[in-house]
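Visitor: 3D model of this:
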Amino acid sequence: MTGRLAGLSLAGLRLAAAGLPAPSETLARRLYRFGTYPRGPAIERDFGLDDEPMSVLGLARGGSARRCLEAAFEATSFPGWFSFARGDAPRVVATCKLYVSPLPQALPGAFPVVAEAFAGGGVRSFKVGRGLEGLLRPDKIVAYFDDPGHLREVARTLGALLSGCPAQGTPFTADLGGDGLLSWGADPAGGEGGVSWRSWITRRLAAGLTQAGPADPVSAALRDIAQAGVDPVRWAPAGGSLQ
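Guide: Below is the predicted model of the structure:
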């Protein structure tokens, strides 16, 4: 399915191309961060700084999301993220991931719904952005699956529960509903040194932009990513589908 994310991804690529000439590493960072919600006084006032946004998510002591998640998951924290994993979950390599991308202002209502759906739907692990910067990024909630059918099932549940939720959208991921709220991706085969789906794609696109001639670097980058096995319209692995 194509939708809002296809246009958002192409807009990010065109914006990066407008910054040429530039080092590939710089372009990759711009592409990866494209779609981040702008930080400003209103957001800082409503969310707070450092780890204060935990209360926005319902993760502060006594919060509804925290109570739900504590019953199903073991929580850990590391720079930029809070991570949740089932203690009895087998240690297997995730084959695909689900992105949930509400606008920051929608998180107080949306995240407790997501938490309950993940806990009740048997999701084995997921992470949510930590601190204000973590919640402004487009890929602020990421869940991991070893079964595409399971991902599809959880996405359908969330699509119904979050109908009408305003979406931010995660560029360079495959749209699952047309509005950008839910999307998916798959990390490179073999791990590629821990590089994620979006990191790998944005690095590849940046290299394609810098190696292309001045005439049409966007088209050249799209051809290159297609040759690497990514559908440059759906932003999914070529031939892959969760529809």
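Visitor: Kindly provide the distance from the residue positioned nearest the centre of the chain to residue 213.
Guide: Among the residues of the chain, residue 139 comes closest to the average C-alpha position under CA atoms, centre = their mean, at 2.7 Å. When distances are taken as CB to CB, to the nearest Å, residue 139 and residue 213 turn out to be 32 Å apart. Where you see a C-beta, it was placed from the backbone N, CA and C, and this is true even at glycine.
Visitor: And for residue 77?
Guide: 46 Å.
Visitor: Quick check: chain neighbours aside, which residue is closest to residue 199?
Guide: The shortest distance from residue 199 to any residue other than its chain neighbours is 6.4 Å, reached at residue 32 (CB to CB, 6 or more residues apart in numbering).
Visitor: surely the one you found meets residue 197?
Guide: No. In terms of CB atoms under 8 Å, residue 32 does not count as a neighbour of residue 197; the distance is 11.0 Å.
Visitor: Could you list the domains of the chain?
Guide: If you go by automatic domain parsing, the domain ranges for the chain are 1-35+191-243, 37-168.
Visitor: just the strands in the chain please.
Guide: Secondary structure of the chain (DSSP state E): strands located at 74-78, 81-85, 96-100, 125-129, 141-145, 174-175, 182-185, 230-231, 236-237.
Visitor: Which parts of the protein are helices?
Guide: 4-18, 24-33, 41-47, 54-57, 64-72, 107-120, 131-136, 148-161, 197-211, 217-227 (DSSP state H).
Visitor: Same list (those) but as a markdown table, adding distance to residue 174, mean pLDDT and mean neighbour count.
Guide: Output for the helices of the chain, formatted as a markdown table (distance: least, CB to CB, whole Å; pLDDT from 0 to 100; neighbours: other CB atoms under 10 Å):
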| stretch | distance to residue 174 | mean pLDDT | mean neighbour count |
| --- | --- | --- | --- |
| helix 4-18 | 7 | 96 | 19 |
| helix 24-33 | 16 | 97 | 18 |
| helix 41-47 | 28 | 89 | 13 |
| helix 54-57 | 26 | 89 | 20 |
| helix 64-72 | 27 | 93 | 17 |
| helix 107-120 | 19 | 97 | 20 |
| helix 131-136 | 22 | 94 | 19 |
| helix 148-161 | 11 | 97 | 17 |
| helix 197-211 | 10 | 95 | 22 |
| helix 217-227 | 13 | 95 | 18 |
